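Engineer: next come a sequence and a model predicted from it.
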Amino acid sequence: MTRVETGSDSKSDKRKQSVYFPVDMLDEIQKEAIRQDRTVSWIVQRAWKIARDEILLYPSINDPSGDEVQGMISSPLHPDGI
């Protein structure tokens, strides 16, 4: 569940969220946090910012694959008559 703390500035809006990692991944993140003298939260936030553009390139599970789109376009039953 998400909890929103009140604050006048949207930058100070903090939400608490549980996130589950495999044990070995969490161990690596914790070791890196110690190495950098940062919090685990800080490490995960920076990792997201670095990886975000690449992750946004991944198709949604609801997006049709290229084959499905091509089949819709070349189908004689396509509603636009294409």
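Structural biologist: All right, it came through fine.
Engineer: pLDDT weak spots in this structure?
Structural biologist: 1-10, 12, 65-82 (pLDDT under 70).
Engineer: show me where it has strands.
Structural biologist: 3-4, 15-16 (DSSP state E).
Engineer: list the strands paired with the last one, with their directions.
Structural biologist: The one in question is strand 15-16. strand 3-4 (antiparallel) (DSSP bridges).
Engineer: ok, now how distant is Glu28 from Arg46?
Structural biologist: According to C-beta to C-beta, to the nearest Å, Glu28 and Arg46 sit 14 Å apart. C-betas here are computed from N, CA, C, even on glycine.
Engineer: same thing with Ile34?
Structural biologist: 15 Å.
Engineer: can you check Gln17 too?
Structural biologist: 17 Å.
Engineer: more neighbours: which of the two?
Structural biologist: More neighbours surround Arg46 than the other of Gln17 and Arg46, with 13 against 7 (other C-beta atoms under 10 Å).
Engineer: tell me the buried residues in stretch 55-67?
Structural biologist: Neighbour counts over stretch 55-67 (16 or more other C-beta atoms under 10 Å) mark no residue as buried.
Engineer: what are the boundaries of the helices in the chain?
Structural biologist: 23-36, 40-55, 66-74 (DSSP state H).
Engineer: of all these, which lies closest to Asp13?
Structural biologist: Nearest of these to Asp13, taken as C-beta to C-beta: helix 40-55 at 14.1 Å.
Engineer: tilt between that closest one and helix 23-36?
Structural biologist: 110 degrees (axes from the mean of the first three to the mean of the last three C-alpha atoms, to 10 degrees).
Engineer: in helix 40-55, what's buried?
Structural biologist: For helix 40-55, by 16+ other C-beta under 10 Å, it's Ile43.
Engineer: ok, stretch 31-38 next?
Structural biologist: So for stretch 31-38, counting by 16+ other C-beta under 10 Å, buried means Ala33.
Engineer: now what about that stretch, what contacts it?
Structural biologist: For stretch 31-38, the external contacting residues (C-beta atoms under 8 Å, 6 or more residues apart in numbering) are Thr39, Val40, Trp42, Ile43.
Engineer: alright, that wraps it up for me.
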